[in-house]
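*Asks:* got a sequence here, can you model it:
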Amino acid sequence: MTAARPASGTEIVFQWRKWDGSPHWRHECVYLGADEWGDWVGQPQGWRSERPGRAFRAAAPNVTLVPAGGDHALTVNRDHPEGMRIYIDLAWDLRDDPAAVSQPGVPLFTGIDMDLDVVRVDGERGTCIDDEDEWDEHRLQYGYPADVQRHLETLAADLAEQVRAQLPPFDDATAEVWLDRLDALALPPRP
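*Replies:* Next comes the predicted model:
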C-alpha cells in the first residue's frame, strides 16, 4: 500500500478481475489499517459482493489481509453460518490503486483472481485447496505463463500447510484484532 493510506473506516471497493481483464468479484469494504503482515480491509455483515451474474450479502463480518507480495488475499470470517473461517484467493498483480484514495467510487485494491483458493472450514472439511477444476480450465483458456502456474501451485500448497499449522497471520489471534476493529466501527448493514 502506498504511504497515503485512508483513515480507518473509509469506505473502499475491492475489485477483482480475470486474467483477460474481464470483471470478477467486487466487494464493498472499509479500510481498517496495516500491520507487519500488510493492509487490512473489512466487510461488515450484510454488505454487498457481486460479479457478473451473481451477487450476495456477506453472511458474517470478515476481514481481508492484502500482503505486499501481491499473490494472495487472506479473508477471515467471524461466525460464518457455514463454518467458513479462512478463504485465501490466490492472485496476480494484487495491489492498491493510489488514485482511489482521493476519487470516491474508484477501487482501492485491485487484483487478478487466479482461481486456486485455500479454505479452512470448521468441521470435517478442514483445510483444502479449492477450485482446482477452474484452475485447470482457466490456465488453458487464458494461457497462464508456465512460471506463473508453477509459482501459484507451489504457493497454494505452502499456504495450505501454514493454515493447517495456524501460523501467523493464518492463526485466529491475528485476524481477531482486525475483526474487533471492524466491529468497533459499528457500521450498519446495507439496505
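*Asks:* okay, helices next: where are they in the chain?
*Replies:* Under the criterion DSSP state H, the chain carries helices at the ranges 132-141, 146-165, 172-184.
*Asks:* quick one: those helices as JSON lines, columns for mean neighbour count, mean pLDDT and distance to residue 22 too.
*Replies:* Backbone N, C-alpha and C define where each C-beta goes, glycine included. JSON lines is the format used below for those (neighbours: other Cβ atoms under 10 Å; pLDDT from 0 to 100; distance: least, Cβ to Cβ, whole Å):
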{"stretch": "helix 132-141", "mean neighbour count": "14", "mean pLDDT": "95", "distance to residue 22": "11"}
{"stretch": "helix 146-165", "mean neighbour count": "15", "mean pLDDT": "98", "distance to residue 22": "18"}
{"stretch": "helix 172-184", "mean neighbour count": "16", "mean pLDDT": "97", "distance to residue 22": "30"}
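*Asks:* could those be laid out in JSON lines, adding distance to residue 19?
*Replies:* Shown next, in JSON lines, are the helices of the chain (distance: least, Cβ to Cβ, whole Å):
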{"stretch": "helix 132-141", "distance to residue 19": "7"}
{"stretch": "helix 146-165", "distance to residue 19": "9"}
{"stretch": "helix 172-184", "distance to residue 19": "29"}
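*Asks:* looking at those helices, which is closest to residue 62?
*Replies:* For the helices of the chain, the distance to residue 62 is smallest for helix 172-184, at 7.8 Å, taking Cβ to Cβ.
*Asks:* how far away from the center of its chain is that closest one?
*Replies:* Helix 172-184 sits 15 Å away from the centroid of its parent chain (Cα atoms, centre = their mean, to the nearest Å).
*Asks:* other residues contacting it?
*Replies:* 8, 30, 32-33, 35, 37, 40, 42-44, 61-63, 65, 74, 76, 78, 85, 166, 168-169 (Cβ atoms under 8 Å, 6 or more residues apart in numbering).
*Asks:* may I have it as CSV, with CA atoms only?
*Replies:* Extracted as CSV, the C-alpha positions of helix 172-184 are listed here (Å, rounded to 0.1, in the frame of the first residue of the first chain):
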residue,chain,number,x,y,z
ASP,A,172,-7.1,-16.9,14.8
ALA,A,173,-5.5,-14.3,17.1
THR,A,174,-4.1,-12.2,14.3
ALA,A,175,-7.4,-11.7,12.5
GLU,A,176,-9.4,-11.3,15.7
VAL,A,177,-7.7,-7.9,16.3
TRP,A,178,-9.0,-6.7,13.0
LEU,A,179,-12.4,-8.3,13.3
ASP,A,180,-12.7,-6.5,16.7
ARG,A,181,-11.7,-3.2,15.0
LEU,A,182,-14.3,-3.8,12.3
ASP,A,183,-17.0,-4.4,15.0
ALA,A,184,-15.9,-1.3,16.8
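*Asks:* can you tell me the closest non-neighbouring residue to the residue nearest to the spatial centre of the chain?
*Replies:* In the chain, the centroid-proximal residue (Cα atoms, centre = their mean) is residue 73; its distance is 3.9 Å. Spatial nearest neighbour of residue 73, chain neighbours left out: residue 89 (4.8 Å); criterion: Cβ to Cβ, 6 or more residues apart in numbering.
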